[in-house]
Each structure stands twice: as C-alpha cells, then as structure tokens.
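Undergrad: For reference, the sequence and a predicted model appear below.
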Amino acid sequence: MPAARESPAVNSVPLVSIVIPAYHARFFQKALHSAIVQSYPNIEVVICDDSRGDEIQGIVERLTVGCEVPLRYVRNPQRLGFTGNLLACLSEASGEYIKFLCDDDLLFPACVKMQAELLIEHPDVTMAFAQRFIWDAEDIQ
C-alpha cells in the first residue's frame, strides 16, 4: 500500500498559469478579476491581447494597480485569431499547470485551488475540469 502523501507547503505548490486569450473587451474585466482573486496561493495570469483597440490593455492597467498576482500582458503584433492567440498564451506561460480562461468566462474563487489540489494529490490524473454554469449577458442563468 503506498504511503499517504503530505500536503505541500504553500511556497512549494506548483505554479498555475491562468491564460486569457483576450479579444472582446465587453466581459474581459470580470474575467480578469475572477482570475486575480483566486484562493490558490501560487498563480500567474497571462493575457495575450488580440483585439484591435487598447481597451483590454486599459482594463489590465486599472485592475492590476496594487495587485500582488504576477501578471504578464502581451499585445500581439498582428491578429492571430483564437487558436493562434491561445497558442501565444501557452508560449508565455511558465506554470506547471495551465488554466484556460476565455475573456467572457468567470472562475469561482476556489476553482484553481480545487483543481490544483486534485492534480497534486493524484499524480496519475493529468487533466481536471470544472462544472460550468451558463449565464447570459445580463447575468441571468
């Protein structure tokens, strides 16, 4: 019978990169906010901006004033499309685990913590999913 694994110390937990392939500014602020308030202690947020304007960059600058979460903002030199932008985010990420977050989605505050803990406690598991709730633009389920 294998020995029980101890919970890792806070500063030894794997880095989780929350990657946001951004394009639409309309819901981006809520998405970014949900990423930076995660209860998991070791995250970075990577945003690759594929939009035409500078609205997403402005939101990043406003929301991250005084933010302690490491954040990397990259403005794509040319439009990459969704798949290219997602790949750009992955190339910028340095975490052991990756959490995708589209610019019109939200994370519950404990989402990354719960998924990372599952992966840490079960090394034979290679992917974790979260339950999804569908909401409309007016926050109606």
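TA: Structure received. Numbers count the residues shown, from 1 in each chain.
Undergrad: Would you agree residue 15 is in contact with residue 42?
TA: Yes. Between residue 15 and residue 42 there is a contact at 5.2 Å, judged by CB atoms under 8 Å. C-beta coordinates here come from the backbone N, C-alpha and C atoms, glycine included.
Undergrad: Who has more neighbours out of those two?
TA: For residue 15 and residue 42, the more surrounded residue by other CB atoms under 10 Å is residue 42, and the numbers stand at 20 against 15.
Undergrad: The residue minimising distance to the centre of the chain is in what secondary structure piece?
TA: For the chain, residue 18 is the residue whose C-alpha lies nearest the centre (CA atoms, centre = their mean; 2.2 Å). Using DSSP states H and E, the secondary-structure element containing residue 18 is strand 16-22.
Undergrad: if we can go back for a sec, distance of the residue nearest to the centre of the chain from residue 104?
TA: Distance from residue 18 to residue 104, counting by CB to CB, to the nearest Å: 15 Å.
Undergrad: low pLDDT regions in the protein?
TA: For the chain, the stretches flagged by pLDDT under 70 are 1-11, 132-141.
Undergrad: Break down it into its helices, ranges please.
TA: According to DSSP state H, the chain carries its helices in the segments 28-36, 55-63, 81-92, 111-121.
Undergrad: Find the nearest non-adjacent residue to residue 110, please.
TA: Excluding the flanking residues, the one nearest residue 110 by CB to CB, 6 or more residues apart in numbering is residue 39, at 5.1 Å.
Undergrad: Tell me how many other residues crowd that neighbour.
TA: Neighbours of residue 39 (other CB under 10 Å): 12.
Undergrad: How about the one 10 residues further on?
TA: When neighbours are defined as other CB under 10 Å, residue 49 has 25 of them.
Undergrad: thinking it is in contact with residue 73, fair?
TA: Yes. Residue 49 is in contact with residue 73 according to CB under 8 Å; the separation is 6.8 Å.
Undergrad: mind checking how far the closest residue to residue 33 other than its chain neighbours is from residue 71?
TA: Distances taken as CB to CB, 6+ apart put residue 63 closest to residue 33, at 6.2 Å, once the chain neighbours are dropped. According to CB to CB, residue 63 stands 9 Å off from residue 71.
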